[in-house]
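Peer 1: Next one to model:
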Amino acid sequence: MSLTLYFHPLSCFCQKVLIALYENGTSFTPSFVDFGDTAERAEFLRLWPIGKFPLLRDASRDRLVPESSLIIEYLALHHRGSAPLLPPDPDRALEVRRLDRLVDGYVAQPMQKIVLDRIRPADRKDPHGVGEAREMLSRAYGVLEAELDGRSWAAGERFTMADCAAAPALFYAERCLSFQDSHPRLAAYFERLRTRPSFVRVLAEAEPYFRFFPREDGDAELRR
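Peer 2: A predicted model of the protein is given here:
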């Protein structure tokens, strides 16, 4: 098996790539790297000094591919499956990339800011930064609510890379700033994502690690 994915099952960017792999039935070897293990961390940093997940290794082409969107594009080029996640038409593909960037930049990243602040020591917390992140999430929800008018999926009627990004990002973002009552189209879209078989599988595999997700006091337990 030529493909190896280095990942953590709780990472939304890793989950994004896993959804793409499962959508296409692409064979790969999962390699869970525990950064709490000194040896595993050192080994991964030798492979990819930036030290960020996910990372794809393609032994057949002697390539290392970082970053979730680049990995999905690489798979579309060199390990094409039965479910194309980028349209062949360049303009439509650009639209998918735009929405993918919207989700990664303005949903996933603010969400991570909020979640990571929960595990900071009390004297290093950043309430101003968390407030800005919540504001950005609110803006992004509004943009997505408008984008989803008349659409089943992010870019239209076909499931694409943008949906691979949206499923895990919204799953965690909902635990930071709920959109269920305020954005009905987004809430209905997330329900379609939540029941997509590829994402159901990703969540089932991540479930044993949900207890490590940092929650605010009073938060509901993280679950599928």
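Peer 1: for the chain, what spans make up the helices?
Peer 2: Along the chain, the stretches classed as helices by DSSP state H are 12-24, 38-47, 68-78, 90-103, 109-117, 127-147, 161-173, 184-194, 197-206.
Peer 1: which residues sit against the last one?
Peer 2: If you take C-beta atoms under 8 Å, 6 or more residues apart in numbering as the criterion, helix 197-206 is touched by 9-10, 15, 18-19, 22-23, 167-168, 171, 193-194, 224. Every C-beta, even on glycine, is put in place using the N, C-alpha and C of the backbone.
Peer 1: cool, stretch 128-142 as well?
Peer 2: Contacts to stretch 128-142, defined as C-beta under 8 Å, 6+ apart, come from residues 102-103, 106-107, 110-111, 113-114, 117, 173, 176-177, 179, 182-183, 186.
Peer 1: For that stretch, give the mean pLDDT please.
Peer 2: Taken as a whole, stretch 128-142 carries a mean pLDDT of 98.
Peer 1: what does the model give the residue lying farthest from the centre of the chain for pLDDT?
Peer 2: Among the residues of the chain, the one whose C-alpha is farthest from the average of all C-alpha positions is residue 123, by C-alpha atoms, centre = their mean at 29.6 Å. Taken from the predicted model, the pLDDT recorded for residue 123 is 91.
Peer 1: And residue 215, by the same measure?
Peer 2: What the model reports as pLDDT for residue 215 is 77.
Peer 1: Kindly provide the distance from it to residue 126.
Peer 2: In this structure, residue 215 lies at 18 Å from residue 126, with C-beta to C-beta, to the nearest Å as the measure.
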